[in-house]
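In: sequence first, predicted coordinates after that:
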Amino acid sequence: KQEVTQIPAALSVPEGENLVLNCSFTDSAIYNLQWFRQDPGKGLTSLLLIQSSQREQTSGRLNASLDKSSGRSTLYIAASQPGDSATYLCARRGRDDKIIFGKGTRLHILP
Amino acid sequence: SAVISQKPSRDICQRGTSLTIQCQVDSQVTMMFWYRQQPGQSLTLIATANQGSEATYESGFVIDKFPISRPNLTFSTLTVSNMSPEDSSIYLCSVVPMNTEAFFGQGTRLTVV
């Protein structure tokens, strides 16, 4: 069974800290990996997409890495802000185009 | 890119009734995907809707409960049948255009009373 695991499930850090969210997946034959943000009661906002041939992608204070061989991805958030508080979801797209989500990391940035 | 219009955005339904959710995409796509997000949970794939063939359901989901239509390459519907309070969730449709990221509708928030 293809699974996506996210650690930690929840995280609270003071404003200004750098942090890392972890994602692991069991099937290395992925097409790409995508990180989303979801605010309470809202839809999904795509943050970063990493193709299987890439090792990392950056957007502003966000950096996502991909290591297919170990089945891992990380989302690095620099200089965290209270507005970063949300649930972050990692999603793996397989060769069958199905996207499987992790359970998410609930992030709370303390002012 | 793709823009997805999903309707209704929310509904409150009586148990035992059915609700049909519509998903319209602004471009032709081969596959459309339907997800469920139960309260406080992540997204779970219900089924893959292919134009011209029956939908493919994931383990734990059956056609009698979640019938799906895919009449053309830009439209799909998901019906939640014989609803119970346990069906209260957000239902989302998604498309994955070639070599791009996944795009999601804004979701249908369903409450069954």
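Out: Perfect, thanks for sending it. Everything quoted here is computed from the prediction, not taken from an experiment.
In: CA only for contacts and neighbour counts going forward, please
Out: Will do.
In: name the nearest residue to the residue sitting nearest the centre point of chain B, sequence neighbours excluded.
Out: Ranked by distance to the mean C-alpha position of chain B (CA atoms, centre = their mean), the top residue is residue B:34 at 3.5 Å. Closest residue to residue B:34 apart from its sequence neighbours, by CA to CA, 6 or more residues apart in numbering or on different chains: residue B:93 at 4.5 Å.
In: same check, this time on residue B:94
Out: Nearest residue to residue B:94, sequence neighbours excluded (CA to CA, 6+ apart): residue B:104, at 4.4 Å.
In: quick check: residues of chain A near chain B?
Out: Residues of chain A lying close to chain B (CA under 8 Å from any CA of the partner chain) are A:34, A:42-44, A:49, A:89, A:97-104.
In: most neighbours out of these, which is it?
Out: Tallying neighbours with other CA atoms under 10 Å in any protein chain shown puts residue A:104 at the head of the residues of chain A next to chain B, with 29 neighbours.
In: OK, contacts around that one?
Out: Contacts for residue A:104 (CA atoms under 8 Å, 6 or more residues apart in numbering or on different chains) come out as A:6, A:7, A:9, A:87, A:88, A:89, A:90, B:42.
In: show me what the residue nearest to it when sequence neighbours are not counted is bridged to.
Out: With CA to CA, 6+ apart as the criterion, residue A:104 has its nearest non-adjacent residue at 4.5 Å, and that residue is residue A:89. Judged by DSSP bridges, the bridge partners of residue A:89 are residue A:36.
In: tell me how far residue A:89 lies from residue A:24.
Out: According to CA to CA, to the nearest Å, residue A:89 stands 12 Å off from residue A:24.
In: next one: residue B:72
Out: Residue B:72 sits 36 Å away from residue A:24, going by CA to CA.
In: beta-bridge partners for residue B:24, please?
Out: residue B:5, residue B:75.
In: wait, residue B:27 sits on residue B:74?
Out: Yes - in this structure, residue B:27 is within contact of residue B:74 by CA atoms under 8 Å, at 6.1 Å.
In: more neighbours: the two, which one.
Out: The neighbour comparison of residue B:27 against residue B:74 (other CA under 10 Å) goes to residue B:74, with 19 against 14.
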